[in-house]
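1. build the 3D model from these lines:
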Amino acid sequence: QVQLVESGGGLMQAGGSLRLACAASGRTFSSYAMAWFRQAPGKEREFVAAIRSSGDRTYYADSVKGRFTISRDNAKSMVYLQMYSLKPEDTAVYYCAAGQYFSTVVSGNPDHWGQGTQVTVSS
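-> Predicted coordinates:
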């Protein structure tokens, strides 16, 4: 079992940068693939980025590729989402997620979810 707590959300102007963090509890963090998802008002939750348990592979949604970077620190049980060149359409609640398999996380079916952190980008 793993519990996830996100932090780092806030209000930013378009073009700015923000880093989200997700703290995980549990001894098996390093065995989980990790991901970030987001849900904008009135829209379905969507995949943003994922990283394998070892950190050696990442995958991004086309909408954020080249602007967002996912990373992890297994020693600290942390996963991060560095966001650059923010756009108003990035406004959403961002969720951290964990899963046993990279493929299922990428496909939107992780095993565990955080409670989310709000990111608002003004134009």
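
2. now the helices for this structure?
-> For the chain, applying DSSP state H gives helices covering 102-106.

3. what score does the residue nearest the centre of it have for pLDDT?
-> Closest to where the C-alpha atoms of the chain average out (CA atoms, centre = their mean) is residue 36, at 2.2 Å. At residue 36, the model reports a pLDDT of 98.

4. which residue, other than its chain neighbours, is closest to it?
-> The spatial neighbour of residue 36 that comes closest, neighbours along the chain excluded (CB to CB, 6 or more residues apart in numbering), is residue 48 at 4.3 Å. Yep, even glycine has a C-beta here, placed from its N, CA and C like the rest.

5. ok, that neighbour to residue 38 distance?
-> Distance check for residue 48 against residue 38: by CB to CB, to the nearest Å, it reads 5 Å.

6. which residues do the two both contact?
-> With CB atoms under 8 Å, 6 or more residues apart in numbering applied, the overlap between the contact sets of residue 48 and residue 38 consists of residue 94.

7. which residues pair with residue 92 across the strands?
-> Beta-bridge partners recorded for residue 92 (DSSP bridges): residue 119.

8. number of residues surrounding the residue lying closest to residue 97 once chain neighbours are set aside?
-> Of all residues beyond its chain neighbours, the one nearest residue 97 is residue 110 (3.7 Å), with distances taken as CB to CB, 6+ apart. In terms of burial, residue 110 registers 24 neighbours under the definition other CB atoms under 10 Å.
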